[in-house]
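Enquirer: make a model of this:
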Amino acid sequence: MTVQGQDQVVVSGVVDFAHRSDSFTLTPARGAGSYPPYEARFVDGWSYIEIDAAVRRPPTLRADAKWIAFRDKRGLLPVPDRALPPGVVIDTIGLPLTQPYAEARFLDGPGSGPRRVSLRFRRGVYSGEDYTYSIDANGRIVVVSTLNAADGQGTVLAFVYGPIQRSTVAPSDGVQRLAPGENLYPTPTTAPTS
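Expert: As a prediction, the model looks like this:
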């Protein structure tokens, strides 16, 4: 993930598109700060974010909680830096097939590889960003780049296709499930920067 073109957070992991699940680790980019890596997972429609020990715990978080689980898009999370909702990695691949888009144009000529197409989605939570999809000769999306012009934040997702080496399972120990719209932080001023 980037801010004004500078790397901030490195995301690495495994995505199982067939089962709509993923598991990845977030670590600080070189020179972007220092904190222990933490994990995020998406399983059966639930997002799981590991609570980072380096962050002050919100008052509404149970003392035994190691993970938070939620279904809706979250605001502030008990993590030390920007977090990518785990379902976004899977959603991003399917957006061109499920959402109306505008301003679509190829950035490369025919025969170039991978060929890039730039577009914007017209509605929904993904409508505020510019997307660039890189498509290989087999028709697979190999890179997705996003940029939010309003705040300069972006994401670059690079995909390497191969056999699934492990299945993603939901954490079972120390999970606090959040109700739709539930806020861990009672006021915006009590949360650390994320």
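
Enquirer: how about low-confidence regions in the chain?
Expert: Along the chain, the model assigns pLDDT under 70 to residues 32, 164, 187-194.

Enquirer: the strands in it, which residues?
Expert: Assigned by DSSP state E, the chain shows strands spanning 2-3, 6-7, 9-16, 21-28, 38-43, 46-50, 67-70, 101-106, 115-121, 130-135, 141-147, 153-158, 175-177.

Enquirer: so which of the ones you listed is nearest residue 166?
Expert: Comparison of the strands of the chain against residue 166 by Cβ to Cβ identifies strand 9-16 as nearest, at 6.4 Å. Any C-beta I mention is one placed from the backbone N, CA and C, and that applies to glycine too.

Enquirer: mind listing what's buried in that closest one?
Expert: Neighbour counts over strand 9-16 (16 or more other Cβ atoms under 10 Å) mark 9, 11, 15-16 as buried.

Enquirer: buried set for stretch 42-61?
Expert: So, applying 16+ other Cβ under 10 Å, buried residues of stretch 42-61: 42-43, 46-52, 55, 58.

Enquirer: quick one: which of those residues is nearest residue 160?
Expert: Ranked by distance to residue 160 (Cβ to Cβ), those are led by residue 42 at 18.6 Å.

Enquirer: so which residue is dead centre in this structure?
Expert: In the chain, the C-alpha nearest the mean C-alpha coordinate belongs to residue 84, at 2.9 Å (Cα atoms, centre = their mean).

Enquirer: state the distance from that one to residue 139.
Expert: 25 Å (Cβ to Cβ, to the nearest Å).

Enquirer: appreciated, that's everything.
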